[in-house]
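S.K.: Sequence and predicted structure below; questions after.
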Amino acid sequence: MTIGAGVQAILEGMPCPEDLLRSESGGQVWIHVGSTVLSTYAVGDAGLRNFAAVTLTGLGFTGRRVAEVLEITEEYVSMLRGRGDREGSAGLMRRRGRPSALSARALSRARSWRADGESDTAIGKRLGVHATTVARALVDVARPGSPGGGPEADAEAEAVAEAEEQDLLRFSAEDQDGDGPEAADPEAEAGSKDADVEVEGPLVPVGGGEAAQAASVESASVVAPKGSERVASGTFRSRYAGAMLLHPYLHRVGAEVLFSTLKGAPGRRYDDLSVLTTATLGFALGIDTVEGAKHLRRTEAGPVAGLRLCPELATLRTRLSALADGGDPLGLQRGFAKQMVAADPAGDRVYFVDDHFKAYAGARPLGKGWNTKRRHAQPGIDDTHLVDARGRAVVFGTGEPSSLASTLPGVLAQLREVIGPDAPVMLGFDRGGAFPAAFTACRKAGAHWVTYRRAPLLEATAKPRRSWTVRDGRRITVMLADETVDIKGYGEARQLTLFEAGAPVLQVLTSDTTATGAGLLCWLRARWRIENMFKYAVAHNGIDSLADYAMDIGPDPRTVANPARAAARKALRAAEADLVAAERALPQMLASGQSPAQMNAALPRVHERIDEAKTALDQAKATLHPIPAKIAATELDPNAKRARPRIERRGLQMVLRLLAFNAEAWLADHLNAYLTDPDEYRAITRNLLHAGGQVDYTDTTITVRLDRPDSPRVAGALDLLIEELNTTPARLPGDRRPLTYQIRPT
């Protein structure tokens, strides 16, 4: 190989001058050629190792040999040489922690622009970062007119340090506002601090000239706005501006008035309207749990709800818990449903109801329910949801796992409070609820019902006939056998048997005797709307989340199968078998071919055996009769425990999740009126919620300027939707200024 002059001078007169060697002793690494040491560093000292790599390659050793000796890759050696050339010794140190928002090149340019007199706001806009980030990075750079740093630079450094300290202490201040155990969650603290660091300080209004910008930067660098401060005026850039398209729906259903009915412990940093609105918009943006709020940029999510900063995770969890504990989440849901139905009726009297099981994988002794996804019983929570003909969530119930027949009366009672006691109702549900108890509950609530018959199917006694109806402008014709059957435990019901290719394929049971058979069948087939609601809300609104792990654990009040009765029944079956065997022995003996004398001698014993078997059977029956079939679990096991979740907190979050779901569904329907894309309109709407834009707050109006979508047809549909929304301006909860939408020009 070719050896540089420096190496030749070092190796002159030494044996094996071409060998670069490595030795380790006493926790030190020695890099040497022969007996001449070129570098030494402690094992694990990556900084000095990197210096050695650059030095050795500078002396003429190949990168491959240096990599072999230093036990690093050849590519890394090349990378270190490049860093050394560009950044000097600073580039050779291993970077730890979060990467800087400004690269070395960007920092160099920022220093140059600061020296030219540009404001931090202008520098931040040119580099794509916040003005506070620039102020912190250039804290050691003097402003023009303050050479060498001077008092002004020292004052700015002190102000930035104070702002950083406020950022770090802000979580502690929020934590003191909490009144529940959630406020002391260390994981929440860590997540909340990370969110603050990522935001890099408060968002300040831009515009108004260079002097105004400089003044804004000064104020932003010194003091962060209070958490409860609502936006009075200013211009804000937000990546979540599209979520403000949901405010017209919140305004239509009276979110401000209904939110005000919740009362909890007083909050000292954020009003409850802000907390509830932020949580609703967060669920609409796709955060599965409240903990997901720490991933939102607080300075960009705040203006979407009318705030300079959106509440932190600790505030959201604590305030939502306090409001849930002091309010009625199910009553709040009924209020939203009543406003929704009054403002935009479904146009059809059919509703769909079904259970949704949420499995629990923890160690608490929760009740078990049937998990249809895994096909076995698991601990968990059971929700009963009811949606209207358009798939919008109306009411729900939450509790321990049970059957639809058990939860249906409560859900129907809530529905009656929403639509009135005399409104016609057709309730559709799956065969999982096709039990006489469920049919009876519907009859008591004054509601008709339609469902599938559970297997096996009965033979139809009526002759199949054609039945037709019109759906979405199309005529639908089917072959149905229409008859009346008697259901044990309920009474008479109408049965429809669907025939295809001359053979029965399914049977439908209903209490409605006036509607056409084809119409009833179409209604029941539309039951998939509630399944689609489950699928969509689980994926995008997090209705599967438990929300809170607080539970009350006490004695298990359930009744379980009595093992004593099972043993008594087993003894009864054995006594019955003995009696049968004894009675069978008599004819067997008579037919055995024995002589009369032999049979007369054996006959008393046979009768005696029969009498003993009858006596044993009577005793077994007498023993079984007083034994109860079920007993309390604590009777069987005095230490049996049962966990009962505090469903109020999950209930409030479920209300906000369903509110976000209904708001997005409303927006999607209105957008699709112009888009006419039945396959992708929900995905397009969901994407629009994440569209960036600019929010302008003035003393009299709030204007949302959304970035124009890349797709021309989506942009055209959005133009028409915005024109529709602007005809009846909405308002943010807690704000009197009308909301206007625009699309920013490209």
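M.R.: Here it is on my side, so go on.

S.K.: going forward, measure contacts and count neighbours with C-alpha atoms only.
M.R.: Fine.

S.K.: Endpoints of stretch 341-354, how far apart?
M.R.: With C-alpha to C-alpha, to the nearest Å as the measure, stretch 341-354 spans 20 Å from end to end.

S.K.: for stretch 260-276, that is, sorry about that
M.R.: 10 Å.

S.K.: same deal with stretch 668-687?
M.R.: Span of stretch 668-687 from end to end, C-alpha to C-alpha: 11 Å.

S.K.: Can you list the buried residues in that stretch?
M.R.: For stretch 668-687, the neighbour count (16 or more other C-alpha atoms under 10 Å) marks Ala668, Asp669, His670, Leu671, Asn672, Tyr674, Leu675, Tyr681, Arg682, Ile684, Thr685, Arg686 as buried.

S.K.: from these, which is closest to Gly44?
M.R.: Arg686 (49.2 Å; C-alpha to C-alpha).

S.K.: Name the nearest residue to Asp512, ignoring sequence neighbours.
M.R.: Nearest residue to Asp512, sequence neighbours excluded (C-alpha to C-alpha, 6 or more residues apart in numbering): His448, at 5.9 Å.

S.K.: Pull the number of nearby residues for that neighbour.
M.R.: 18 (other C-alpha atoms under 10 Å).

S.K.: Please flag which of the buried residues of stretch 668-687 sit within helices.
M.R.: Ala668, Asp669, His670, Leu671, Asn672, Tyr674, Leu675, Tyr681, Arg682, Ile684, Thr685, Arg686 (DSSP state H).

S.K.: Most widely separated two among those residues?
M.R.: Tyr674 and Arg686 (16.0 Å).

S.K.: show me the contacts for Phe283.
M.R.: Thr289, His540, Asn541, Gly542, Leu656, Arg657, Ala660 (C-alpha atoms under 8 Å, 6 or more residues apart in numbering).

S.K.: now those in a markdown table, with neighbour count?
M.R.: What follows is these, written out as a markdown table (neighbours: other C-alpha atoms under 10 Å):
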| residue | neighbour count |
| --- | --- |
| Thr289 | 19 |
| His540 | 18 |
| Asn541 | 27 |
| Gly542 | 23 |
| Leu656 | 26 |
| Arg657 | 27 |
| Ala660 | 27 |
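
S.K.: which SS class is Asp699?
M.R.: Three-state call for Asp699 (DSSP: H, G, I helix; E, B strand; the rest coil): coil.

S.K.: same thing with the one 4 residues further on?
M.R.: Secondary structure state of Thr703, per three-state DSSP, is strand.

S.K.: For it, grab the count of nearby residues.
M.R.: Residues lying near Thr703 (other C-alpha under 10 Å) number 17.

S.K.: how much space is there between it and Val231?
M.R.: Thr703 is 13 Å from Val231, by C-alpha to C-alpha.

S.K.: Need the overlap of contacts for these two.
M.R.: Tyr697.

S.K.: what mean pLDDT would you report for stretch 293-308?
M.R.: The average pLDDT within stretch 293-308 is 91.

S.K.: Including distance to Ser89 and pLDDT, could the ones in helices among the buried residues of stretch 668-687 go into CSV?
M.R.: What follows is these, written out as CSV (distance: C-alpha to C-alpha, whole Å; pLDDT from 0 to 100):
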residue, distance to Ser89, pLDDT
Ala668, 56, 96
Asp669, 60, 95
His670, 60, 96
Leu671, 57, 96
Asn672, 59, 95
Tyr674, 60, 95
Leu675, 58, 94
Tyr681, 55, 94
Arg682, 53, 94
Ile684, 50, 96
Thr685, 51, 96
Arg686, 48, 95
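
S.K.: Ala377 - how many residues pack around it?
M.R.: By other C-alpha under 10 Å, the residues close to Ala377 number 13.

S.K.: Distance from the helix or strand where it lies to the middle of the chain?
M.R.: Using DSSP states H and E, Ala377 maps to strand 376-388. With C-alpha atoms, centre = their mean, to the nearest Å as the basis, strand 376-388 stands 16 Å off its chain's centre.

S.K.: What lies in contact with it?
M.R.: Contacts for strand 376-388 (C-alpha under 8 Å, 6+ apart): 346, 349-361, 365-371, 393-402, 404, 407-408, 411, 530.

S.K.: Can you go through those residues and name the buried ones?
M.R.: Applying 16+ other C-alpha under 10 Å to those flags 346, 350-360, 365-371, 393-402, 404, 407-408, 411, 530 as buried.

S.K.: For the nearest residue to Thr700 once chain neighbours are set aside, give me its contacts.
M.R.: Spatial nearest neighbour of Thr700, excluding adjacent residues (C-alpha to C-alpha, 6+ apart): Arg737 at 5.6 Å. Neighbouring residues of Arg737 by C-alpha under 8 Å, 6+ apart: Asp699, Thr700, Thr701, Ile702, Arg731.
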